[in-house]
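No sequence on hand, only this structure:
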Ligand code: E4P
């Protein structure tokens, strides 16, 4: 499973990228707000760090305006994936922009039927929002599994980008289902390294090592 970082925090992205943990980045208007940066500047900086796709989201509602914004965002760097919402106009914009050879991430997907339409419209990525479905007592991971089945049934090449990931359990479940990508906040990716038995085991080894009185370097 590829890891995208769901953030516009350049330092956090760079740290994970140095570790080989970053196959791409996703941003959205809320993450740009959180960064306090100008969208073009911060996106350009991220694209210079990460070689994989970097999603930048349009904010227009009509297809023509989305296409214009998408083209402008795509001019920032070669690895831009234009993010459009899963609306009828978003699907139109997706079709046009992918026909021009650009990567498109169709976002805010909450149903299998929406995902089917996105694949038909040629989306490069479909982003089912797991956490936001869980928030309203629905099963976000069930949606990812449904999309996996549907795309595999018909050989759609659209990549499933599990989004709105809030926990390490989401990461594990997305990987088991076979999501192509999961996009997660930096803190969730870091937390995947944690286990209480690792900490406990290390504590014991270090205690015993101290008793040996030896040094390695
Ligand atoms: C993904 O592309 C979205 O930016 C993101 O995963 C949304 O996550 P949230 O529901 O935690 O805001």
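Thanks, I have it. Treat the numbers as computed from the prediction; the structure is a model and nothing was measured.

ok, residue 26 touching residue 161?
Yes: applying CB atoms under 8 Å, one finds residue 26 in contact with residue 161, separated by 7.4 Å. Quick note: C-beta positions are derived from backbone N, CA and C, even for glycine.

which neighbours do the two share?
Common neighbours of residue 26 and residue 161, using CB atoms under 8 Å, 6 or more residues apart in numbering, are 4, 105, 127, 183.

Serialize the residues you listed to CSV and add fields for secondary structure, pLDDT and neighbour count.
Shown next, in CSV, are the shared contacts of residue 26 and residue 161 (DSSP: H, G, I helix; E, B strand; the rest coil; pLDDT from 0 to 100; neighbours: other CB atoms under 10 Å):
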residue, secondary structure, pLDDT, neighbour count
4, strand, 98, 28
105, strand, 98, 30
127, strand, 98, 29
183, strand, 98, 28
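
Settle it for me: which of residue 26 and residue 161 has more neighbours?
Neighbours were counted for residue 26 and for residue 161 using other CB atoms under 10 Å; residue 161 has more, 31 against 26.

That one touches residue 126, doesn't it?
Yes: at 6.5 Å, residue 161 counts as touching residue 126 under the criterion of CB under 8 Å.

so what sits against both of those two?
What both residue 161 and residue 126 touch, as defined by CB under 8 Å, 6+ apart, is the set residue 105.

give me phi/psi at residue 55?
phi -80, psi 130 (degrees, to the nearest 10).

Dig out what it forms beta bridges with.
With DSSP bridges as the criterion, residue 55 is bridged to residue 26, residue 81.

could you measure it against residue 185, distance?
With distances taken as CB to CB, to the nearest Å, residue 55 is found 14 Å from residue 185.

who's more crowded, those two?
When residue 55 is set against residue 185 and neighbours are counted by other CB under 10 Å, the residue ahead is residue 55, at 29 against 16.

What residues are bridge-paired with the residue nearest the centre of the chain?
Residue closest to the average C-alpha location in the chain (CA atoms, centre = their mean): residue 183, at 2.6 Å. Under the criterion DSSP bridges, residue 183 forms beta bridges with residue 4.

hang on, isn't it packed against residue 165?
Yes: assessed by CB under 8 Å, residue 183 is found in contact with residue 165 at 6.4 Å.

thought residue 93 was touching residue 67?
Yes: here residue 93 lies in contact with residue 67, judged by CB under 8 Å, at a distance of 5.1 Å.

Overlap of the contact sets of those two?
Counting by CB under 8 Å, 6+ apart, nothing touches both residue 93 and residue 67.

Name the residues that touch the longest helix that the chain contains?
When the chain is parsed with DSSP state H, its longest helix is helix 196-212. The contact list for helix 196-212, computed with CB under 8 Å, 6+ apart, is empty.

what's the answer for stretch 153-166, then?
4, 6, 26, 105, 107, 115, 118-119, 122-134, 140, 144, 147-148, 150-151, 170-171, 174, 178-185, 188.

Ok, stretch 66-85 next?
24, 26-28, 40, 43-44, 47-48, 50-60, 89-90, 93-94, 96-97, 100, 102-108, 124-125, 127.

Near the ligand, which residues of this protein are found?
6, 26, 28, 107, 127, 129, 131, 132, 163, 164, 183 (CB under 6 Å from any ligand atom).

Settle it for me: which of residue 93 and residue 67 has more neighbours?
Using other CB under 10 Å as the criterion, residue 93 and residue 67 rank with residue 93 on top: 28 against 23.
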